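**Q** Here's a sequence, model it:
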Amino acid sequence: MILVVDDIPESIEIVKRNLEPRGYMVLTAGGAAEAARILVQSQVDLVITDYKMPRTDGLDLIRHVRENHPGTAVIMVTGYASVEGAVEAMKVGAEEYLAKPFTSEELLAAVARVIEKVELRRSVRSLSLNAPLGFIGESEAMKRVYADIEKAARTSANVLVCGESGTGKELVARAIHYRSDRGAAPFLAVNCGGIPEGLLESELFGHLRGAFTGATETRAGFFQTADGGTIFLDEVSETTAAMQVKLLRVLQEREIVMVGSSKPVKVDVRVIAATNKDLSMLVHKGQFREDLFYRLDVICIEVPPLRTRGDDVLTLIGRFADKYARESGLPEKRFTDRALSVLRSYGWPGNVRELDNTIQRLVVMTDGDLVDVADLPPMMRACHIRESDGSRTLAQVEAEHILGVLASVGGNKSRAAEILGIDRKTLRLKLARASNGLPGR
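**A** Below is the predicted model of the structure:
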């Protein structure tokens, strides 16, 4: 739904004649006050408003939309084109700035770009309704993981969870446990790579008093503590050959031997292991026991890297931003479409963990309530490639980019020049060219 606001009926009619044949539903208003009433009554996706209107101008209407209807986008239309006007409109929240007279192609291209941005924002705020507790995302890759979790939860078979660091392998293990018949019993997570080799056996299987120096009392290990439940062996590929033999015995015999004892103890524990390495390759190289690999790999679940999950990145950004704003007592951050585009296309080598940390840092460290490309970490800014619809000249793309950067820093020319990698004199020349390139009435 598009709302066209102008005090000149002929201008409204021109816009309607262009939009309605393309399937857009169009509402109209002769001023800002009437537009405000319509916005309350109808679900409007986009407002196209004139700049100069009696009583309340377009800038005030944009501010009203931003404060009261954050899901609605705005295009500013004006016959008084200037760099200052474009910057001011973008600062208060306009998505696009059209100078009169504009062509049908320019109007339709601007509307298409903004509607795409509206859909982008909606995906950021969308929730994953069918995902297991703790998961966020509705990509096809994650739906396959959810289906695998449900199947694994219906059995007591051992599970091997594979995936890059930061993808959420422990979250998968917890989901399997709590959706299984063992859900009321303990779930214990053990980082095999984070416990010194000399202590890992004692931590897993327990020890008797006096079994080694410092063993002042008998203590149960993780397998005994998790009896009836699930133990999650993270980074299982980091275990030594000797420890792999002991783990194999647990899986085969369902019993452990405490350090300092020779008496086996029966345990009823489901084992879920995880690794960010290719265990089959380690087996081929002789670095991991083949028999243990096959004992662990009864059910294998591959957790996809974040870079293959599409719009899940946007959903995660929205959830993390809301979470850290609440925790820090800060206003909710709004991400520009340029920033969202960069974040979505970034490779995320650290996956969800890296994204989580990045959004927390942006929420806490960014001044104001708007996060733009300039606020992102340097390596992400370096990956930023300006998108174009292919119908604009190089001069138009450059002018739009300069105006966008200038608006994102509140009109601060020194900061804009720094981001653009030019000096203030060059920026002034380019702004002058951009201003002359804007068609007037």
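**Q** Determine the longest helix present in this protein.
**A** helix 104-125 (DSSP state H).
**Q** downstream neighbour of that helix in the secondary structure list?
**A** Sequence order places helix 140-153 as the next helix or strand after helix 104-125, per DSSP states H and E.
**Q** Output that following helix as PDB - backbone C-alpha positions only.
**A** Only the C-alpha atoms of helix 140-153 are listed here, as PDB (Å, rounded to 0.1, in the frame of the first residue of the first chain):
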ATOM      1  CA  GLU A 140      16.200 -24.200   3.900                       C
ATOM      2  CA  ALA A 141      19.600 -25.200   5.400                       C
ATOM      3  CA  MET A 142      18.300 -24.700   9.000                       C
ATOM      4  CA  LYS A 143      15.000 -26.400   8.300                       C
ATOM      5  CA  ARG A 144      17.000 -29.500   7.400                       C
ATOM      6  CA  VAL A 145      18.800 -29.200  10.800                       C
ATOM      7  CA  TYR A 146      15.500 -28.900  12.600                       C
ATOM      8  CA  ALA A 147      14.200 -32.100  10.900                       C
ATOM      9  CA  ASP A 148      17.400 -33.900  11.800                       C
ATOM     10  CA  ILE A 149      17.100 -32.800  15.500                       C
ATOM     11  CA  GLU A 150      13.500 -34.200  15.600                       C
ATOM     12  CA  LYS A 151      14.600 -37.500  14.200                       C
ATOM     13  CA  ALA A 152      17.600 -37.800  16.500                       C
ATOM     14  CA  ALA A 153      15.500 -36.900  19.500                       C
END
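**Q** coming back round to it: list the neighbours of the longest helix of the chain that are in contact with it.
**A** 2, 15, 18-19, 22, 24, 45-46, 48, 71-73, 75, 95-96, 98, 311, 314-315, 317-318, 335, 337, 340, 389, 391 (C-beta atoms under 8 Å, 6 or more residues apart in numbering). For the C-beta atoms, the positions are set from N, CA and C on the backbone; glycine is no exception.
**Q** Just the buried ones from those?
**A** If you count burial by 16 or more other C-beta atoms under 10 Å, the buried members of the contacts of helix 104-125 come out as 2, 15, 18-19, 24, 45-46, 48, 72-73, 75, 95-96, 98, 311, 314-315, 317-318, 335, 337, 340.
**Q** Of these, which belong to strands?
**A** Using DSSP state E, the subset of the buried ones among the contacts of helix 104-125 located in strands is I2, L46, I48, A73, I75, E96, L98, F335.
**Q** what's the closest of those to E34?
**A** Of all these, I48 has the smallest distance to E34: 14.2 Å, by C-beta to C-beta.
**Q** where's that closest one relative to L108, distance?
**A** In this view, I48 and L108 are 12 Å apart by C-beta to C-beta, to the nearest Å.
**Q** same check, this time on I14
**A** 12 Å.
**Q** Which one's more surrounded, those two?
**A** I14 (18 against 14; other C-beta atoms under 10 Å).
**Q** ok, the more buried one to S341 distance?
**A** I14 is 31 Å from S341, by C-beta to C-beta.
**Q** what does E20 give?
**A** Counting by C-beta to C-beta, the gap from E20 to S341 is 30 Å.
**Q** Look at these two and report which has more neighbours.
**A** Legend: neighbour count by other C-beta under 10 Å for E20 and S341, higher for S341 (19 against 12).
**Q** What backbone torsions are found at F187?
**A** phi -120, psi 120 (degrees, to the nearest 10).
**Q** Just give the closest residue to it, not the sequence neighbours.
**A** H177 (4.6 Å; C-beta to C-beta, 6 or more residues apart in numbering).
**Q** Just the C-alphas of the strand or helix carrying that neighbour, formatted as PDB.
**A** Counting by DSSP H and E, the element that carries H177 is helix 169-178. Output in PDB follows, covering the C-alpha atoms of helix 169-178 (Å, rounded to 0.1, in the frame of the first residue of the first chain):
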ATOM      1  CA  LYS A 169      26.800 -27.200  17.500                       C
ATOM      2  CA  GLU A 170      26.200 -27.200  21.300                       C
ATOM      3  CA  LEU A 171      22.700 -25.700  20.700                       C
ATOM      4  CA  VAL A 172      21.900 -28.700  18.400                       C
ATOM      5  CA  ALA A 173      23.100 -31.100  21.100                       C
ATOM      6  CA  ARG A 174      20.900 -29.400  23.800                       C
ATOM      7  CA  ALA A 175      17.900 -29.400  21.500                       C
ATOM      8  CA  ILE A 176      18.300 -33.100  20.900                       C
ATOM      9  CA  HIS A 177      18.600 -33.800  24.600                       C
ATOM     10  CA  TYR A 178      15.700 -31.700  25.800                       C
END
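**Q** got the angle between that helix and helix 140-153?
**A** Counting by axes from the mean of the first three to the mean of the last three C-alpha atoms, to 10 degrees, helix 169-178 lies at 40 degrees to helix 140-153.
**Q** what distance separates helix 169-178 from the centre of its chain?
**A** Helix 169-178 sits 21 Å away from the centroid of its parent chain (C-alpha atoms, centre = their mean, to the nearest Å).
**Q** Toward the C-terminus, what is the element adjacent to it?
**A** strand 187-191.
**Q** what comes up buried for the helix or strand that comes right after that following strand?
**A** Following strand 187-191 in sequence order, the next helix or strand is helix 197-205 (DSSP H and E). Neighbour-count burial for helix 197-205 flags L200, E201, S202, E203, L204, F205 (criterion: 16+ other C-beta under 10 Å).
**Q** Nearest to G350 among those?
**A** Each of the buried residues of helix 197-205 was scored against G350 by C-beta to C-beta, and L200 proved nearest at 25.8 Å.
**Q** so that closest one sits right up against V236, yeah?
**A** No: in this structure L200 lies outside contact range of V236 using C-beta atoms under 8 Å: 11.2 Å.
**Q** Need the overlap of contacts for the two.
**A** C192.
**Q** for D312, what are its contacts?
**A** Counted by C-beta under 8 Å, 6+ apart, D312 has contacts I136, G137, E138, S139, M142, L306.
**Q** and if we set it to 10 Å?
**A** 123, 126, 128, 135-139, 141-142, 304, 306, 344, 352, 355 (C-beta atoms under 10 Å, 6 or more residues apart in numbering).
**Q** Okay, it and L306: tell me how far apart.
**A** 7 Å.
**Q** Now do the shared contacts for the two.
**A** With C-beta under 10 Å, 6+ apart as the test, D312 and L306 both reach G137, S139, A141, V352, L355.
**Q** Quick check: pLDDT value at the first one.
**A** pLDDT recorded at G137 is 86.
**Q** what do you get for G229?
**A** 92.
**Q** How about the contacts made by it?
**A** H177, S180, R182, G183, A184, A185, P186, F187, L188, D268, V269, R270.
**Q** Alright, that wraps it up for me.
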